[in-house]
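> Let's see this in three dimensions:
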Amino acid sequence: MKNVSSTEREIIPRNVMVLTLSRVFWSTSDSSIDSYLPLFMTAMGASPSIIGLITALGSFGAMLLYPVGGYIADKSGRVKLVAYSTLLYVSSFIIYLLAPNWQWVAVASIYQSMVLFYLPAMNAIMADSIPVNERGRLYAFNFALPNLVRILSPYIGGLFIAQFELIPAMRIGFIISFVIGLIVAGMRLLYLNETITQIEKISWNPLKLFPAAYKDMFESLKWVERNIRSYAVLSILMAFLSSMILTFWPIYAVRHLGIKEYLFGAILLWSGVARAVLSFFIGEIVDRIGSRKCFLIGFMTAIPSMYVFTLAKGFWMALPIYTLIVISSVFIWISSQVYLANSIPRRNRGRVMASLGSGMMIGVSGIGFPSGFLIFLPRIFGSLMGGIIYDLDPVLPWIIQTIFLVFGLVYTYFMVHDPVEAYE
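Below you'll find the predicted structure:
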């Protein structure tokens, strides 16, 4: 681990390569687990509303710790925080593996969400390491390469479930993810370069650390209000919408569209091919025309697709519709990452990203992880409302998506603008 100046230039910066390769390793296992985790929870006895509550509690716990992660990242350094916290995340798979009932699955899920407080530091490392005019391309590289590797994972996961049944297959996946996670933590500790040069001494006493972190967070919120308020409002809306349906795609597809688990895996496989291949082109488009126009493209693609998905009859109609929704989410995710990197000065990135996260997306799995202090409350509310509304009528969450995405499109057109000058 060494410091790297912002003037160094490489075809693929070292930190970008390390973070991308670590995601590649994760992608060999986590997409198989993530895609079927809601079904695992239901098989262990959780109802859709309970799944929504579990997701909400995990988001609430993470919200409490994110300001601390952002504060440590900007004051004391980013790399060690990322590496050691990755080990905490990896330990959650042991709880999943040994869980005898849905209550212990809930403990694992909530704990896993809480230890992701290192994400602001990792997102800041990424933003610090990419030259301004190449952010779309390199964010797309960081997104596409892991997705190329994980293309087969959901389909293989579906085949595993067909062969071994759901619960035994998921337990095999937890073991694989634990081993791979240990490798990823080692990579991040040994090969990431620190991106901040002024390391400050901070108190690790929780009674002093938490107040200092929260005081700094409120200063960061003032910065957000002065500088990127319009983006923050849009990001909060998207967090609410995405969490409302994120966990219910496989349940809706299996129970209401009549699609077998392995065929839903095939839908994830095909949409994964599209998302991985097209993300290279999307990154170039973002660099050429800017984030705002790409936000609009994403909304205009998602709005009709979200509604038509509720009318899908079987596999062959659901396949292209779901793929279009995934592509729209890629447009919004890469565009928002570039927008934030361009809009936030390096010295504040950890704390501001702890407030706002590193991007926005439409609510499909395999795109990204929207997070941040301002994001968690709408995510919690969205998860709770999604479970309740799904229990009332499984179609309603998708109808609500369509309506609010129209509002997001109009709001973006009038209120969100690219920064005049991008920060290094």
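> Please make it C-alpha for all contacts and neighbour counts, starting now.
Fine.
> pLDDT below threshold where in this structure?
Applying pLDDT under 70 to the chain picks out residues 1-10, 31, 154-155, 366.
> residue closest to the middle of this protein?
By CA atoms, centre = their mean, the chain has its centre lying nearest to Phe369, at 1.1 Å.
> what secondary structure does that one sit in?
The three-state label given to Phe369 by DSSP: H, G, I helix; E, B strand; the rest coil is coil.
> what's around Ile251, how many residues?
Applying other CA atoms under 10 Å, we find 19 other residues in the vicinity of Ile251.
> just Lys201 next, same as before
By the measure other CA under 10 Å, the count of residues near Lys201 is 10.
> So what's the gap between the helix or strand harbouring Phe218 and the chain middle?
Here Phe218 sits within helix 206-227, counting by DSSP states H and E. In terms of CA atoms, centre = their mean, to the nearest Å, the centre of helix 206-227 is set 23 Å apart from its chain centre.
> and that helix, C-alpha only, in PDB?
Output of helix 206-227 as PDB, limited to C-alpha atoms (Å, rounded to 0.1, in the frame of the first residue of the first chain):
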ATOM      1  CA  PRO A 206     -16.600   5.200  20.100                       C
ATOM      2  CA  LEU A 207     -17.800   7.900  22.600                       C
ATOM      3  CA  LYS A 208     -15.600  10.400  20.700                       C
ATOM      4  CA  LEU A 209     -15.600   8.900  17.200                       C
ATOM      5  CA  PHE A 210     -19.400   8.800  16.700                       C
ATOM      6  CA  PRO A 211     -20.000  12.500  17.800                       C
ATOM      7  CA  ALA A 212     -17.100  13.700  15.600                       C
ATOM      8  CA  ALA A 213     -18.400  11.700  12.700                       C
ATOM      9  CA  TYR A 214     -21.900  13.000  13.000                       C
ATOM     10  CA  LYS A 215     -20.800  16.600  13.400                       C
ATOM     11  CA  ASP A 216     -18.800  16.200  10.200                       C
ATOM     12  CA  MET A 217     -21.800  14.600   8.500                       C
ATOM     13  CA  PHE A 218     -24.000  17.600   9.200                       C
ATOM     14  CA  GLU A 219     -21.300  19.800   7.600                       C
ATOM     15  CA  SER A 220     -21.300  17.500   4.600                       C
ATOM     16  CA  LEU A 221     -25.100  17.800   4.300                       C
ATOM     17  CA  LYS A 222     -24.800  21.600   4.300                       C
ATOM     18  CA  TRP A 223     -22.300  21.200   1.400                       C
ATOM     19  CA  VAL A 224     -24.800  18.900  -0.500                       C
ATOM     20  CA  GLU A 225     -27.600  21.400   0.000                       C
ATOM     21  CA  ARG A 226     -25.400  24.300  -1.400                       C
ATOM     22  CA  ASN A 227     -23.900  22.400  -4.300                       C
END
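> That one packs against which elements?
Packing partners of helix 206-227 (3 or more CA pairs under 8 Å, 6 or more residues apart in numbering; DSSP states H and E): helix 48-75, helix 349-356.
> Can you give me the distance of Tyr96 to Ala106?
9 Å (CA to CA, to the nearest Å).
> Identify each buried residue in the helix holding Phe218, please.
Applying a neighbour-count criterion of 16 or more other CA atoms under 10 Å, one finds Phe210, Ala212, Ala213, Tyr214, Asp216, Met217, Ser220, Leu221, Val224 buried in helix 206-227.
> Now tell me what touches it from outside.
Around helix 206-227, the neighbours that count as contacts under CA atoms under 8 Å, 6 or more residues apart in numbering are Pro67, Val68, Gly70, Tyr71, Ile72, Ile202, Ser203, Ala232, Asn348, Arg351, Val352, Ser355.
> Pick the one among those residues closest to Leu241.
For the contacts of helix 206-227, the minimum distance to Leu241 (CA to CA) is 14.4 Å, reached by Ala232.
> Now Glu194: phi and psi?
In terms of degrees, to the nearest 10, the main-chain angles of Glu194 are phi -70, psi 140.
> bridging residues for it?
Taking DSSP bridges as the rule, Glu194 bridges to Asn3.
> Start at 393, not 1
All right, first residue 393 from here; so that's Glu586.
> State the number of residues packed around it.
19.
> okay but it is in contact with Ala465, surely?
No. Taking contacts as CA atoms under 8 Å, Glu586 lies outside contact range of Ala465: 10.2 Å.
> ok, the closest residue to Phe566 other than its chain neighbours - contacts?
Nearest residue to Phe566 in three dimensions, chain neighbours excluded: Phe485, at 5.4 Å (CA to CA, 6 or more residues apart in numbering). The contact partners of Phe485, by CA under 8 Å, 6+ apart, come to Ala500, Phe566, Ile567, Ser569, Phe570.
> The first one: which element?
This means Ala500. helix 494-506.
> Thanks a lot, catch you later.
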